[in-house]
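*Asks:* no sequence on this one, just coordinates:
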């Protein structure tokens, strides 16, 4: 489809900005935990359902972050061995089989030390994220410069109607990488960690908007690079992408891509785990701030689950276990619309928000985003979860 799916990323970032604003307002106006508010108004059952769903999504998708980090570091290590003349010949490498993914263990240990080692966890995480986002931005911008996309082609293919209308897995991926509803929901917690009040919202939301726009820019740079130099190639893994870039951009281009891939995977390593761990702990009434013990413990549980799953995949099958796919898909179908609906509901309650309730424009964008998530969930249910369950039952 070339550049014709740019509109999907732009629409997704608009929805993300709307939900980030709702969540930030909710946290700043009430000064309370969002799942406490849910428990108070709907019952503990709904809070636990939200917490468990997000925890399950974070745990099941954490192995993807592990695989991304592993791929990036393995490719870089291979380049170093080749440069030093120590790379084994292909037949020897095949005989040696699969080696234990030690890098995954090392990085998870570092992540655990980070989670438990800093008293002011949020401030430390903010600094780490700034570094990783800068690496991502620089790496993918350089790759885009290497690709030199043709401006005439971009302008010709940019209109949405020039591409296919198929609702494909790639299209779902574009929505999912930019409109991340658990991250938007977690914004209501972050504003409390920062100590924001209503007076801080206007200036404070600038950072959140810049972050969302940066993620949009990075996604578009990756899309434009792929549309320029990788069109028509069959690519199943990140390693395939890196290897395709080497003959086009040279070893430096491949190295820069791997640095960007590492930063992208590791930047969500801790954040993804914290979202799952903190929301589950808060839903169970075990605390929802970095000062509390159980949010960190459950964050560690997400990290260890993802690590174990990634090691299993790399050492044994090469593909995720079917139960993990089913669990992640089922949790996504449930959690994404549930989180969006909860934010829409709470931010329109006069008893919660008072004069700071959503305006008509924010509600309109929010409802469109909610309907988009319903559509994505329905597509997963019909085209992915259903067939997978049928295969399981047939066996």
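*Replies:* Right, received. Where do you want to start? As the structure is a computational prediction, the values presented were derived from the model and not from experiment.
*Asks:* what's near enough to touch residue 144?
*Replies:* When contacts are counted by Cβ atoms under 8 Å, 6 or more residues apart in numbering, residue 144 touches 221, 224-225. Backbone N, C-alpha and C define where each C-beta goes, glycine included.
*Asks:* By neighbours, which of those residues wins?
*Replies:* residue 225 (25 neighbours; other Cβ atoms under 10 Å).
*Asks:* quick one on the thing from earlier: any chance of the contacts of residue 144 in JSON lines, plus secondary structure, pLDDT and distance to residue 293?
*Replies:* Listed next are these as JSON lines, based on DSSP: H, G, I helix; E, B strand; the rest coil; pLDDT from 0 to 100; distance: Cβ to Cβ, whole Å:
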{"residue": "221", "secondary structure": "helix", "pLDDT": "77", "distance to residue 293": "40"}
{"residue": "224", "secondary structure": "helix", "pLDDT": "76", "distance to residue 293": "45"}
{"residue": "225", "secondary structure": "helix", "pLDDT": "75", "distance to residue 293": "44"}
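*Asks:* nearest to residue 316, of the residues you listed?
*Replies:* Nearest to residue 316 out of these is residue 225 (Cβ to Cβ; 33.0 Å).
*Asks:* where does the chain dip in pLDDT?
*Replies:* Low-confidence segments of the chain (pLDDT under 70): 1-4, 79-99, 118-123, 150, 153-154, 157-177, 204, 229-254, 317-333, 384-395.
*Asks:* hey, where'd the strands end up in it?
*Replies:* In the chain, no strands are defined using DSSP state E.
*Asks:* Which residue, other than its chain neighbours, is closest to residue 208?
*Replies:* If the residues on either side of it in the chain are set aside, residue 208 comes closest to residue 20, at 4.9 Å by Cβ to Cβ, 6 or more residues apart in numbering.
*Asks:* how many neighbours does that neighbour have?
*Replies:* By the measure other Cβ under 10 Å, the count of residues near residue 20 is 24.
*Asks:* shouldn't it be in contact with residue 184?
*Replies:* Yes. Between residue 20 and residue 184 there is a contact under Cβ atoms under 8 Å: 4.9 Å.
*Asks:* Show me where the stretch 151-300 of the chain has its helices.
*Replies:* 151-157, 169-178, 181-194, 201-229, 238-283, 293-312 (DSSP state H, counting those that start in this stretch).
*Asks:* Kindly reformat those helices as a markdown table and extend each row with distance to residue 73.
*Replies:* Shown next, in a markdown table, are the helices of the stretch 151-300 of the chain (distance: least, Cβ to Cβ, whole Å):
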| stretch | distance to residue 73 |
| --- | --- |
| helix 151-157 | 33 |
| helix 169-178 | 22 |
| helix 181-194 | 25 |
| helix 201-229 | 19 |
| helix 238-283 | 7 |
| helix 293-312 | 12 |
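*Asks:* Please name whichever of these is nearest to residue 62.
*Replies:* Nearest to residue 62, of all the helices of the stretch 151-300 of the chain, is helix 293-312, at 2.5 Å by Cβ to Cβ.
*Asks:* how about that closest one: buried residues?
*Replies:* 294-296, 298-311 (16 or more other Cβ atoms under 10 Å).
*Asks:* thinking again about what came up before, contacting residues for the residue nearest to residue 208?
*Replies:* Applying Cβ under 8 Å, 6+ apart, we find residue 20 in contact with 184, 187, 205, 208-209, 212.
*Asks:* so which of those comes closest to residue 50?
*Replies:* residue 184 (13.3 Å).
*Asks:* Please report how far that closest one lies from residue 220.
*Replies:* Using Cβ to Cβ, to the nearest Å, residue 184 is found at 20 Å from residue 220.
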